[in-house]
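> Next comes the sequence, and after it the predicted model I'd like to discuss.
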Amino acid sequence: MKSNRIKNLEEYILKHESVSLDHLCEVFSISKNTLRRDINELAKKGTIKKVYGGVEASETSKKNLNNLISFEERNIKNNNEKIRIAKFAASFVEDGDIIFIDSGTTTLHIIEFLKDRKDVTILTNNINAIVNALPSPNLNVICLGGNLIRKTNSFEGIHNFTTFKDYNINKAFMAATGVSILNGATNSSPLEYEIKKSIVNKSDEVYLLVNSSKFNVSALMTYCSLKEIDHFITDSEPPKEYVEYFNENNIKFTVAE
């Protein structure tokens, strides 16, 4: 479909920041006339700009990528709410589970509440999650390498999402920069987007952990729609339109108390 092609085209350009027209025609198997029409739509949107022989991410898009709030700053904000959400999410982890813990300031707290579980395997790309799991021999940790991104305290890179796809994951506990009905669960990093998308596709159950400040916020890239979420966990009653959407699409949601 055209809409999917344009979305994939946008994501590809933002990930690589600068790409030639010839390369895009080859990657997406489309003619230059079709490509130019798609690019004109994206240019109107403002996420990319046309340059001689190709396209590149707009200054606004680059700024969004480069100006992520530091992990430490995000970790302090709404900390009590994040701990409540994480504690409730941890209640779904059973002995013998293979789980993924996303790189977020809410998801990392899950490990604090897994000390009584037996033989839980944790897949993660988050440094803090690894450190938090060190004192607990009952937690088996698998962390794949890549580029260290200090603003998210995580490893990112192609090896992460291509290798994670080989594991059978019972439950994925995901984070997001923003959530909306239209754009789903979003984040600001193209490399994190690839990892998150791969994990959501691979996991038996997907839990999205977000505090109420994330509602009606859309970051740069959508890694999954809300329909792909099995259980939505937050700290206060979602807006009415979200409750209706969850009920209509059989998505469980819980307010952690």
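Yes, it's here.
> need the helices for the chain, in chain order.
Secondary structure of the chain (DSSP state H): helices at 2-16, 21-28, 32-45, 59-66, 71-76, 79-90, 127-133, 158-164, 190-202, 240-248.
> Serialize those to JSON lines and add fields for mean neighbour count.
(Each C-beta comes from the backbone N, C-alpha and C, glycine too.) As requested, the helices of the chain are arranged in JSON lines below (neighbours: other C-beta atoms under 10 Å):
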{"stretch": "helix 2-16", "mean neighbour count": "16"}
{"stretch": "helix 21-28", "mean neighbour count": "14"}
{"stretch": "helix 32-45", "mean neighbour count": "14"}
{"stretch": "helix 59-66", "mean neighbour count": "14"}
{"stretch": "helix 71-76", "mean neighbour count": "15"}
{"stretch": "helix 79-90", "mean neighbour count": "19"}
{"stretch": "helix 127-133", "mean neighbour count": "20"}
{"stretch": "helix 158-164", "mean neighbour count": "17"}
{"stretch": "helix 190-202", "mean neighbour count": "21"}
{"stretch": "helix 240-248", "mean neighbour count": "13"}
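> any chance of those in CSV, with mean pLDDT too?
What follows is these, written out as CSV (pLDDT from 0 to 100):
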stretch, mean pLDDT
helix 2-16, 73
helix 21-28, 84
helix 32-45, 86
helix 59-66, 54
helix 71-76, 46
helix 79-90, 90
helix 127-133, 87
helix 158-164, 59
helix 190-202, 84
helix 240-248, 94
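> okay if I get those helices as a markdown table plus distance to V179?
Shown next, in a markdown table, are those (distance: least, C-beta to C-beta, whole Å):
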| stretch | distance to V179 |
| --- | --- |
| helix 2-16 | 18 |
| helix 21-28 | 29 |
| helix 32-45 | 21 |
| helix 59-66 | 17 |
| helix 71-76 | 15 |
| helix 79-90 | 13 |
| helix 127-133 | 21 |
| helix 158-164 | 21 |
| helix 190-202 | 13 |
| helix 240-248 | 8 |
